[in-house]
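Q: when you get a sec, could you give me coordinates for this:
(one chain, ligands or ions: 3)
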Amino acid sequence: MGPVFPHLHVITDARPGRQPLTVVAATIAAARRLDACHRLAIQVRVEDDVSDRDAYDLADAVLELCRPYGVLCLVNDRLHVALAVGADGGHVGAADLPVAVARKVLGPVGVLGATCRDVAAARAARRAGASYLGVGPAFATATKTGLPNPLGPATVGAVAAAVPDTPIVAIGGVTAGNARSLIGAGAAAVAVVGAVAAAADPARATEDLLRAIG
Ligand SMILES: Cc1ncc(COP(=O)(O)OP(=O)(O)O)c(N)n1
Ligand SMILES: Cc1ncsc1CCOP(=O)(O)O
Ligand SMILES: [Mg+2]
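A: Residues are numbered from 1 along each chain as shown. Ligands and ions are numbered 1, 2, ... in the order given. Sure, this is the predicted structure:
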């Protein structure tokens, strides 16, 4: 991780019919226009039924887009894919490898995100070696099913306050219109799928988010 923890994490939508590489290219182009590549991270996220080979091919291609501009590249769930392509790190949640095990797999330097929804889980994940914590759903989202009720900015802020040395990435239903409320509550960053991937103009959506976060 560079000296600045990225403020905006754009997560790929690799569902059938989507164009994740086109979206990532547009996102990076927008960050370049704002001289904000150091503020951007791309997380490669595929559905559970996607083969490792397809996940590898996507991650490899995304990393190729990120590297020339120093954009941080993380891989969701599949740490072997992260290591195989040479990504900067990965993200794990409750159904993935335990955080301490993920830390061993990634090694001491890799950026490791862990999903947390409360103060106790946040403290435990930090102790187990997480570099940052993904906290959500902050707001209602249709992108992932089976989630608990939205936490809202206040709970995101309470988790952030409990682990002041660990960046919080708020996720779930984040838009350019509500991102500032999460940063104001104490999140270091926001993560989005739909706000960029489902936008008519993903580059414009990225610019709007980067400007909103400030
Ligand atoms: C930044 C960030 N926060 C949370 C998540 C969700 O991870 P997880 O709970 O493991 O759910 P899946 O994304 O794997 O479906 C994330 N990916 N990124
Ligand atoms: C993977 C994940 N984990 C919590 S919310 C979420 C989906 C976020 O997608 P969106 O930004 O479209 O609400
Ligand atoms: Mg996961």
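Q: which residue ranges of the chain form helices?
A: 20-33, 52-66, 79-85, 99-106, 119-127, 152-162, 179-185, 194-197, 202-213 (DSSP state H).
Q: how about residues contacting the fourth one?
A: Counting contacts by CB atoms under 8 Å, 6 or more residues apart in numbering, the residues outside helix 99-106 that touch it are 79-80, 82-83, 89-90, 92, 96-97, 112, 114, 124-125, 128-130. (Glycine included, C-beta is placed from N, CA and C.)
Q: of those, closest to Val24?
A: When those are ranked by distance to Val24 (CB to CB), Ala82 comes first, at 15.9 Å.
Q: looking at the helices of the chain, which is buried most?
A: With neighbours taken as mean count of other CB atoms under 10 Å, the helices of the chain reach their highest mean count in helix 194-197, at a mean of 23.
Q: quick one: check it for contact with ligand 2.
A: Yes. Using CB under 6 Å from any ligand atom, helix 194-197 reaches ligand 2 at Gly194, Ala195.
Q: cool, stretch 204-214 as well?
A: No. Stretch 204-214 is not in contact with ligand 2 by CB under 6 Å from any ligand atom; minimum separation 10.6 Å.
Q: hmm, who's touching that stretch?
A: 7-8, 10, 26-27, 30-31, 33-34, 36, 39-40, 175-177, 179-180, 183, 189-190, 192, 195-196, 199.
Q: burial of His7, as a residue count?
A: 22 (other CB atoms under 10 Å).
Q: quick one: pLDDT of it?
A: If you check His7, the pLDDT there is 97.
Q: cool, Glu64 as well?
A: pLDDT, Glu64: 98.
Q: ok, how many other residues are close to Ala140?
A: Ala140 has 10 neighbouring residues, counting by other CB under 10 Å.
Q: that one and Pro150 touch, don't they?
A: Yes. Contact criterion CB atoms under 8 Å: Ala140 and Pro150 qualify, at 5.3 Å.
Q: what's the overlap in contacts for those two?
A: Joint contacts of Ala140 and Pro150 (CB under 8 Å, 6+ apart) are Gly172, Gly173.
Q: residues contacting the closest residue to Val75 other than its chain neighbours?
A: Spatial nearest neighbour of Val75, chain neighbours left out: Ala82 (3.8 Å); criterion: CB to CB, 6 or more residues apart in numbering. Counting by CB under 8 Å, 6+ apart, Ala82 makes contact with Ala59, Leu74, Val75, Gly89, Gly90, Leu106, Gly110.
Q: ok, the fifth one - contacts?
A: Contacts here follow CB under 8 Å, 6+ apart; on that basis Gly90 touches 74-79, 82, 102, 106, 110-113.
Q: related to what we said a few turns ago, please name whichever of the helices of the chain is nearest to Ala170.
A: helix 179-185 (4.0 Å).
Q: quick one: the closest one near ligand 2?
A: No. Using CB under 6 Å from any ligand atom, helix 179-185 stays clear of ligand 2, with a minimum separation of 10.6 Å.
Q: quick check: mean pLDDT across that helix?
A: Helix 179-185 comes out at a mean pLDDT of 98.
Q: distance between it and the chain's centre?
A: 16 Å (CA atoms, centre = their mean, to the nearest Å).
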